[in-house]
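[1] build me a model from this:
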Amino acid sequence: MDEMEPIWIEGGEFAMGSDDFYPDEAPVRRIAVGGFWIDPHPVTNERFGEFVADTGYVTVAERVPDPELYPGAAPEDLVPGAVVFTMTTRRVRLDDYRQWWRWTPGASWRHPLGPGSSLEGLDQHPVVHVSYDDAAAFCAWAGGTLPTEAEWEYAARGGLEGATFAWGDDDPQETTPLANTWQGVFPVENTELDGWTRTSPVGSYPPNGYGLYDMTGNVWEWTDDWYSSSRAAPVETSSCCAPADPRGGTEAGSYDPVAGIPRKVVKGGSHLCTPQYCYRYRPAARQPQTIDTGMSHLGFRRIVRSEST
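    You can find the predicted model right below:
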């Protein structure tokens, strides 16, 4: 699938969030969003390559880090690179992500697993190792922007009001997968029941009710909202309407407590999500992501807030 003609999503109200899983998804509240166009699938390596060829853009992962942004970092660590998932050789504690994530010099969108890897056979896979600035730059070039968290979740639900998953309330991922997620013992064994260990070509699974692909799994997707772990309580409104799309958080309240880097909300889960560790392949699920970091399970898609493309 290489078509990128956006799909029109009529605005409306919906129940955003969940009270049943992770604390930062609560409380459920009714939110109104305006209409928008959204790409039917995440931006692919092929499409991102067109942007780079046209503009000469260099992604954050391909640049030498600014020492002033990383005080105390060893000079040998200040090299271009990104974070790559590495399967472990044995069972490990799931409260230490450093067991399976590796900072990899030379990893980038062109070399998703590090030096020596390439995009051969991956043209129609989602581009990965893109920072927030990289995704925003592509969207500006393509004539759009990143979605807000509310816009993304509204689109991901595909018209299924209050459903747990984009396809309904049942979870078939361990029997007949409807998305690219993890099956097996994380992070040491992936049975590939869904056919993939890492990313999959966009459109490999059925679309949601709005005709959108890969809103579940495959890669996490950037939104334009700053991350906050505490969600505002539902706003009291008259019976005629719901509060308008709330922009999440502020930069001042979004900083990673260890790295000191501001964070945006990412949505949708990825091929690494599993009920054992990251049960986030649900429309309501959300996660913080530092804006400077490229990762091997992180991509994006574009929206256009206009009735014309």
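[2] who does Pro288 bridge with?
    Listed by DSSP bridges, the beta-bridge partners for Pro288 are Val265.
[3] I'd say it and Pro262 touch.
    No: contact criterion C-beta atoms under 8 Å: Pro288 and Pro262 do not qualify, at 9.5 Å. Where C-beta positions appear, they are placed from N, C-alpha and C, glycine not excepted.
[4] got a pLDDT number for the closest residue to Pro67 other than its chain neighbours?
    Leaving aside its chain neighbours, Pro67 sits nearest to Leu78 (5.9 Å; criterion: C-beta to C-beta, 6 or more residues apart in numbering). Looking at Leu78, its pLDDT is 88.
[5] please apply the same query to Thr237.
    pLDDT, Thr237: 40.
[6] Thr274 too?
    Reported pLDDT at Thr274 in the predicted model: 97.
[7] what is the burial count for it?
    For Thr274, the neighbour count with other C-beta atoms under 10 Å is 22.
[8] okay, it and Gly184: tell me how far apart.
    Distance of Thr274 to Gly184, computed by C-beta to C-beta, to the nearest Å: 8 Å.
[9] sticking with Val52, tell me its helix or strand.
    helix 45-55 (DSSP states H and E).
[10] buried set for that helix?
    Neighbour-count burial for helix 45-55 flags 45, 47-48, 50-52 (criterion: 16 or more other C-beta atoms under 10 Å).
[11] with stretch 124-144 instead?
    Residues of stretch 124-144 classed as buried: 124-132, 134-139, 142, 144 (neighbour count, 16+ other C-beta under 10 Å).
[12] quote the end-to-end distance of that stretch.
    Terminal residues of stretch 124-144 are spaced 21 Å apart (C-alpha to C-alpha, to the nearest Å).
[13] what's the answer for stretch 61-69, then?
    Span of stretch 61-69 from end to end, C-alpha to C-alpha: 14 Å.
[14] how far is that stretch from where the chain is centred?
    23 Å (C-alpha atoms, centre = their mean, to the nearest Å).
[15] buried residues, it. List them.
    Within stretch 61-69, the residues that qualify as buried are 61-62, 65, counting by 16+ other C-beta under 10 Å.
[16] joint contacts of Pro288 and Pro262?
    Common neighbours of Pro288 and Pro262, using C-beta atoms under 8 Å, 6 or more residues apart in numbering, are 254, 256.
[17] so which elements touch the very next helix or strand once past the helix holding Val52?
    Sequence-wise, the next helix or strand downstream of helix 45-55 (DSSP H and E) is strand 81-85. Applying 3 or more C-beta pairs under 8 Å, 6 or more residues apart in numbering; DSSP states H and E, we find strand 81-85 packed against strand 101-105.
[18] packing partners for the helix or strand just after the strand it packs on?
    Tracing the chain C-terminally past strand 101-105 and defining elements by DSSP H and E, one meets helix 132-142 next. In terms of contacts (3+ C-beta pairs under 8 Å, 6+ apart), helix 132-142 is packed against helix 45-55, strand 220-226.
[19] out of the ones you listed, which gets nearest to Thr86?
    Thr86 sits nearest to strand 220-226 of all the helices and strands packed on helix 132-142, at 17.6 Å, using C-beta to C-beta.
[20] so how far is the closest one off the chain centroid?
    For strand 220-226, the distance to the chain centre is 7 Å (C-alpha atoms, centre = their mean).
[21] over to stretch 45-56?
    Counting by C-alpha atoms, centre = their mean, stretch 45-56 comes out at 20 Å from the chain centroid.
[22] what about the stretch 51-200 of the chain, any weak spots by pLDDT?
    By pLDDT under 70, the stretch 51-200 of the chain has no low-scoring segment.
[23] go with 90
    Applying pLDDT under 90 to the stretch 51-200 of the chain flags the ranges 65-78.
[24] with the stretch 201-309 of the chain instead?
    Ranges of the stretch 201-309 of the chain meeting pLDDT under 90: 228-261, 293, 306-309.
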